[in-house]
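*Asks:* Structural data only, the sequence is not supplied:
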């Protein structure tokens with residue numbers, strides 16, 4: 001019997017997808033802009049990406065974290081914030097339909113994303129910051 005490799009993290013799941021794109025951006029580059037069509041999910045492979053809805057509403061994503069899935073799942077098809085590379089970054093990008101299919105095939109991914117959000121809320125409560 002041959003064992004099949006299992007992907008344990010959201011980043012590994014995205015990386016394993018045939019249609020997943022990898023690209024690099026320099027510091028200050030926009031990954032996407034507020035109001036743009038939300039047609040993909042993104043993951044940070046290296047570096048830091050900051051999402052900024054307003055000057056007071058900012059959140060940083062680090063290696064291994066996925067972002068923009070809220071815009072895909074709950075929004076009306078557009079990004080609610082700007083995503084900017086705060087350091088040189090390597091980003092994974094997966095088309096919206098492929099991501100939804102991935103969720104269907106790996107429902108534990110949803111649990112992992114909820115856990116990521118829970119950790120964010122706990123971090124915000126501890127630090128006293130207020131971000132979306």
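*Replies:* Here it is on my side, so go on. Everything numeric in this text was worked out from a predicted model, so none of it was measured.
*Asks:* Can you measure across stretch 48-67, start residue to end residue?
*Replies:* End-to-end distance for stretch 48-67: 12 Å, by C-alpha to C-alpha, to the nearest Å.
*Asks:* what does that stretch rub up against?
*Replies:* 9-11, 14, 31, 34, 41-47, 80-87, 89, 91, 113, 116, 120, 130-132 (C-beta atoms under 8 Å, 6 or more residues apart in numbering). Quick note: C-beta positions are derived from backbone N, CA and C, even for glycine.
*Asks:* wait, doesn't residue 106 sit right on residue 12?
*Replies:* No - the criterion here is C-beta atoms under 8 Å, and residue 106 misses it with residue 12 at 10.5 Å.
*Asks:* buried sites along stretch 90-102?
*Replies:* Residues of stretch 90-102 classed as buried: 91, 92, 93, 94, 95, 96, 98, 99, 102 (neighbour count, 16 or more other C-beta atoms under 10 Å).
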